[in-house]
Each structure stands twice: as structure tokens, then as C-alpha cells.
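Enquirer: Fold the following for me, if possible:
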Amino acid sequence: MNFEQQMQQALQSFIVEAQELLASMEQGLLGLEAGADPEAVNALFRAAHTIKGSAGLFGLDGIVRFTHHLESLLDQMRAGKVETREDVVNTLLDGRDLLAGLVDQVAQSGTCEADTPAAQAIVARLQSLQQPGAKSGAMVTREAMPRQNTNHDEPQAVTVLPQGAAATATWHISLRFGQDCLRNGMDPLAFMRYLGGLGEIVGLATLTDALPALDVMDAETSYLGFEVNFRSDVSKEEIESVFEFVRDDSAISILPAHSRIGDYIELIRSL
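Expert: Numbers count the residues shown, from 1 in each chain. Okay, here's the model as predicted:
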């Protein structure tokens, strides 16, 4: 089985897993309508996080960006910063429906496109609910919103609305993927696309010092390293989660731009 066939097989596995997680999310959200349940909220967060992380590996940026908003609201609920109210649950249900439509598009065509007023409205609702002092009366209810179109002849898309404040935090990310990364079905460039979906890659250096002579090079071995300057308002933990599936056999260092010189020296010595 060549690499392309492996990726297609992995994509099918992602679709099946995502559909199962979305079904469990629907049941979990319907259960929340009967009352708050911290463990149910944790399970919903984990499901959204898994879908987002897996989608990023295949360059499904629309799914990554939209799911990030679902995940952020669920994280606020886990922290007790957003109450489990009817309007919150309704918004999450609408978001789950949209996400299910995007996954169905991937199942049919291998990609998903998005740019609908309904999608923009859901993103706006998700963002609004995370603002301090957000009240249920200020939100549009689920019944007032148009249902998501599940007709696959009309591809949907997700336009992520700006978060308000500009993303100003800059990180330096040093990546040395494990040599078996490709053999294990992981494409280093897919991780870079996923990372770019969470912010802006403002600098990228590809390191080729580990490349062997051409006559002994193995096409299925990963030799490249990357030094990345990344600008985003996401946390270090969220950046680390991008590389969750390759963390064990890769060398990954993440430093904020304002780190001490000693931190950079230590990083250089470890390479």
C-alpha cells in the first residue's frame, strides 16, 4: 500500500470516527437539556477536540476552524465561566448539525467548502456566548435559526468571523518529526496546515541537515526539520495539541517570543 492509499484509508477512518463522535455529541447535548452534568460537558469537549485534531491532519481547515469555536465554548463551560442554559445548548446543537454536514461533504467528495449566512450566524452566536456577561435574552434561539441544509448538491462552507482583538502573541516552534512519521501515516505538511488554521505562520525555515546522500535516501523516511514563527491568540496547550499524534516520537519545542536568551540557548543545544 503506497502513501496515497494509506492517507485515503486514514481519511475513511476519520469520517467513521467523526460520525460516531457527532452522534454521541448529539445525545450528550440533548441530555444537557435536562440539567448540567460536568462529566457530559467533558465528554463533549473531548469529542470536539478529537474531531478538530484529526481533521487538521487532512487539511480540512473549514472543520478545524469551526470546531475550534465549539471547543472554545465547551471549554468555557468546563471552567464554569458559561452556564448550561437553554440558549447555550441550542447553539451547540446547531453547531453540531453544521459540523455533521461538513463531515458528510468530506465523505462524498473528500473536501468541504463553506460560506453560508447560517454558518456565520452560528459562529457569531458561539463567540457571543463566550463574552463576559452574555445573557440568554441577547441570543437568537435555535427555533429562530434556519436549519442546516443537508442537501449535498449544495456544498456548505464555514466563514470564521474575526474574534475582535487582533492576535498578537508570537511563538517559536522547533519541530523535528520522527523518522517513522511518514510510515505511520502522518504527513508533516498536514500538521503545518492545521497549525496555520489556528493563526498565522509568519516565518518558516525548512532544515535539511539530516538529509542523506540521494543514493541511500528512503522515500518513506522523514528527514526534514522546521523552525516556525507562529502568531496566534491560542494557548501553548492548544499549540501542543496540534502535534498530539506525533509527540511521542518527535522532538517538539514551543517557546513564546519573549523567552529568555537562556531558553533559546538550551533549545539550540538540545537539537
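
Enquirer: mind listing what's buried in stretch 192-210?
Expert: Neighbour-count burial for stretch 192-210, counted by 16 or more other Cβ atoms under 10 Å, picks out Met192, Arg193, Tyr194, Leu195, Gly196, Gly197, Leu198, Gly199, Ile201. No exception for glycine: its C-beta is placed from N, CA and C like everyone else's.

Enquirer: outside of it, which residues touch it?
Expert: For stretch 192-210, contacts defined as Cβ atoms under 8 Å, 6 or more residues apart in numbering pick out 53, 55-57, 59, 61, 64-65, 68, 167, 170, 173, 223-234, 238-239, 242.

Enquirer: hang on, the earlier thing: and which of the buried residues of stretch 192-210 is nearest Ala119?
Expert: Set against Ala119, the nearest of the buried residues of stretch 192-210 by Cβ to Cβ is Gly197 (15.8 Å).

Enquirer: all helices of the stretch 1-150 of the chain, in order?
Expert: In the stretch 1-150 of the chain, the helices defined using DSSP state H, counting those that start in this stretch lie at 3-32, 38-57, 61-78, 86-109, 117-129.

Enquirer: okay, these, which one's buried deepest?
Expert: Most buried of the helices of the stretch 1-150 of the chain, by mean neighbour count (mean count of other Cβ atoms under 10 Å): helix 61-78, with a mean of 23.

Enquirer: returning to what we had before: among the contacts of stretch 192-210, name the ones in strands.
Expert: If you go by DSSP state E, the contacts of stretch 192-210 have Thr170, Ile173, Gly225, Phe226, Glu227, Val228, Asn229, Phe230, Arg231 in strands.

Enquirer: surely the fifth one meets His172?
Expert: Yes - counting by Cβ atoms under 8 Å, His172 is a contact partner of Glu227 at 7.3 Å.

Enquirer: Figure out which of the helices of the stretch 1-150 of the chain is closest to Pro188.
Expert: Proximity to Pro188 (Cβ to Cβ) singles out helix 38-57 among those, at 10.4 Å.

Enquirer: Please tell me the pLDDT value assigned to the residue sitting furthest away from the middle of the chain.
Expert: Distance to the chain centre peaks in the chain at Asp215, reaching 38.4 Å (criterion: Cα atoms, centre = their mean). Looking at Asp215, its pLDDT is 80.

Enquirer: Against Ser13, how distant is it?
Expert: 36 Å (Cβ to Cβ, to the nearest Å).

Enquirer: Could you identify the buried members of the contacts of stretch 192-210?
Expert: Buried by 16+ other Cβ under 10 Å: 53, 55-57, 59, 61, 64-65, 68, 170, 173, 223-228, 230-232, 234, 238-239, 242, out of the contacts of stretch 192-210.

Enquirer: Please tell me how far the host helix or strand of Leu195 is from the chain's geometric centre.
Expert: Assigned by DSSP states H and E, Leu195 falls within helix 188-197. Relative to its chain's centre, helix 188-197 lies at 10 Å (Cα atoms, centre = their mean, to the nearest Å).

Enquirer: any idea of the angle it forms with helix 38-57?
Expert: The directions of helix 188-197 and helix 38-57 differ by 120 degrees, with axes from the mean of the first three to the mean of the last three Cα atoms, to 10 degrees as the criterion.

Enquirer: how big is the angle separating helix 188-197 from strand 225-231?
Expert: 10 degrees.

Enquirer: CA atoms only: put helix 188-197 into CSV for me.
Expert: C-alpha atoms of helix 188-197 as CSV (Å, rounded to 0.1, in the frame of the first residue of the first chain):
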residue,chain,number,x,y,z
PRO,A,188,4.3,16.7,8.4
LEU,A,189,2.8,19.2,6.0
ALA,A,190,-0.7,18.3,7.2
PHE,A,191,0.4,19.4,10.7
MET,A,192,1.7,22.7,9.3
ARG,A,193,-1.7,23.3,7.5
TYR,A,194,-3.5,22.6,10.7
LEU,A,195,-1.3,25.0,12.7
GLY,A,196,-1.9,27.7,10.0
GLY,A,197,-5.6,27.3,10.6
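
Enquirer: Cool, thanks, signing off.
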